[in-house]
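# Build the 3D model from these lines:
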Amino acid sequence: MFDRVAAKYDRTNNVLSVGNAPLWRVATTKAVDPKPGQRILDVAAGTGTSSASLARSGASVVAADFSPGMIDVGRRRQAHVPNLVFVEADATKLPFDDASFDAVTISFGLRNVNEPKQALAEFFRVTKPGGRVVICEFSTPSVPFVRFGYNAYQRYVMPPLVRLSSSNDTAYDYLNESINAWPDQRTLAAWIRGAGYVDVAWRNLTMGVVALHRAAKPVPPGE
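Next comes the predicted model:
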């Protein structure tokens with residue numbers, strides 16, 4: 001499915017988010033707080049738009065995605081970024097050594113993983129002690145009238161926008177289904193804590209349409 005939408009994926013995201021996608025990307029990059037010399041893993045990186053934003057800090061960024069089509073588009077579009085590499089990878093079975101990244105991040109991809117808790121366990125495994133995880137994902141608006149308006153947007157406005165902007169509008173039928181089936185902020189925080197992370201926190205973006213979760217991998221005693 002993602003191979004089929006790769007060509008116009010970024011444009012469609014900008015249209016469907018009503019211009020909010022770049023703002024969410026900025027918030028995520030700030031939360032990751034990449035530094036020169038650090039190694040960052042961006043999972044479900046798609047065409048690497050978020051990965052390139054992280055790489056501008058001087059950090060070494062690995063953009064991992066399950067879709068060969070997304071990676072192919074990403075490698076072409078981000079060819080000018082020297083400290084960014086693309087790797088085809090399954091989020092539930094990452095091809096990286098233990099404790100090999102200073103930070104792991106995923107934006108709008110965790111809900112697309114068949115076993116999200118297994119993915120979180122893999123994120124924890126490859127995060128260095130003291131490192132961090134940042135997850136940006138659609139969530140549950142906390143205010144009733146915002147939930148009502150968001151549901152109406154998904155039902156009546158999003159379908160025609162998809163037909164206008166996407167390279168494969170039928171693939172986006174899955175989008176609303178996956179968003180509506182995804183757990184709320186508190187539940188995701190519990191999953192992250194269950195994977196082993198500590199200091200789990202989140203903040204809502206766009207009144208809870210999106211939530212940004214953050215956590216750290218504890219440092220073993222004596223290290």
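
# The helix or strand hosting residue 179 packs against which elements?
For residue 179, the host element (DSSP states H and E) is helix 173-181. The contact analysis (3 or more Cβ pairs under 8 Å, 6 or more residues apart in numbering; DSSP states H and E) places helix 173-181 against helix 158-165. C-beta: built from backbone N, CA, C; applies to glycine.

# ok so, going back, in the helix holding residue 179, which residues are buried?
By 16 or more other Cβ atoms under 10 Å, the buried positions in helix 173-181 come out as 175-176, 179.

# now do stretch 75-83
Buried residues in stretch 75-83 (16+ other Cβ under 10 Å): 78, 81, 83.

# Now tabulate those in a markdown table and tack on secondary structure and pLDDT.
Below are the buried residues of stretch 75-83 laid out as a markdown table (DSSP: H, G, I helix; E, B strand; the rest coil; pLDDT from 0 to 100):
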| residue | secondary structure | pLDDT |
| --- | --- | --- |
| 78 | coil | 94 |
| 81 | coil | 96 |
| 83 | coil | 97 |
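
# Adding distance to residue 42, write those residues out as a markdown table.
Shown next, in a markdown table, are the buried residues of stretch 75-83 (distance: Cβ to Cβ, whole Å):
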| residue | distance to residue 42 |
| --- | --- |
| 78 | 11 |
| 81 | 12 |
| 83 | 12 |
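
# Let me see the ranges of the strands in this protein.
Applying DSSP state E to the chain gives strands spanning 39-43, 60-65, 84-88, 101-107, 127-138, 198-205, 210-216.

# Ok, which of those comes nearest residue 189?
Comparison of these against residue 189 by Cβ to Cβ identifies strand 198-205 as nearest, at 4.9 Å.

# Packing partners of the closest one?
Applying 3+ Cβ pairs under 8 Å, 6+ apart, one finds that strand 198-205 contacts helix 21-32, helix 185-194, strand 210-216.

# Once you drop chain neighbours, what's closest to residue 125?
Distances taken as Cβ to Cβ, 6 or more residues apart in numbering put residue 98 closest to residue 125, at 5.6 Å, once the chain neighbours are dropped.

# Kindly apply the preceding question to residue 66 instead.
Counting by Cβ to Cβ, 6+ apart, the residue nearest residue 66 is residue 90, at 5.7 Å.

# For that neighbour, give the beta-bridge partners.
Counting by DSSP bridges, residue 90 is bridged to residue 93.

# So for stretch 206-214, mean pLDDT?
Per-region confidence: stretch 206-214 scores 93 on mean pLDDT.

# Poorly predicted segments of this structure, please.
Low-confidence segments of the chain, defined by pLDDT under 70: 1-19, 145, 153-154, 156-174.

# what's the burial count for the residue nearest to residue 125?
The criterion is other Cβ atoms under 10 Å. On that basis, residue 98 has 9 neighbouring residues.

# hang on, isn't it packed against residue 126?
Yes. At 6.6 Å, residue 98 and residue 126 qualify as touching, with contact defined as Cβ atoms under 8 Å.

# what's the spacing between the residue nearest to residue 66 and residue 204?
Distance of residue 90 to residue 204, given as Cβ to Cβ, to the nearest Å: 30 Å.

# swap in residue 186?
Distance from residue 186 to residue 204, by Cβ to Cβ: 12 Å.

# Now render the strands of the chain as JSON lines, adding mean neighbour count and distance to residue 222.
Below are those laid out as JSON lines (neighbours: other Cβ atoms under 10 Å; distance: least, Cβ to Cβ, whole Å):
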{"stretch": "strand 39-43", "mean neighbour count": "26", "distance to residue 222": "24"}
{"stretch": "strand 60-65", "mean neighbour count": "25", "distance to residue 222": "28"}
{"stretch": "strand 84-88", "mean neighbour count": "18", "distance to residue 222": "33"}
{"stretch": "strand 101-107", "mean neighbour count": "26", "distance to residue 222": "21"}
{"stretch": "strand 127-138", "mean neighbour count": "21", "distance to residue 222": "11"}
{"stretch": "strand 198-205", "mean neighbour count": "15", "distance to residue 222": "17"}
{"stretch": "strand 210-216", "mean neighbour count": "22", "distance to residue 222": "18"}
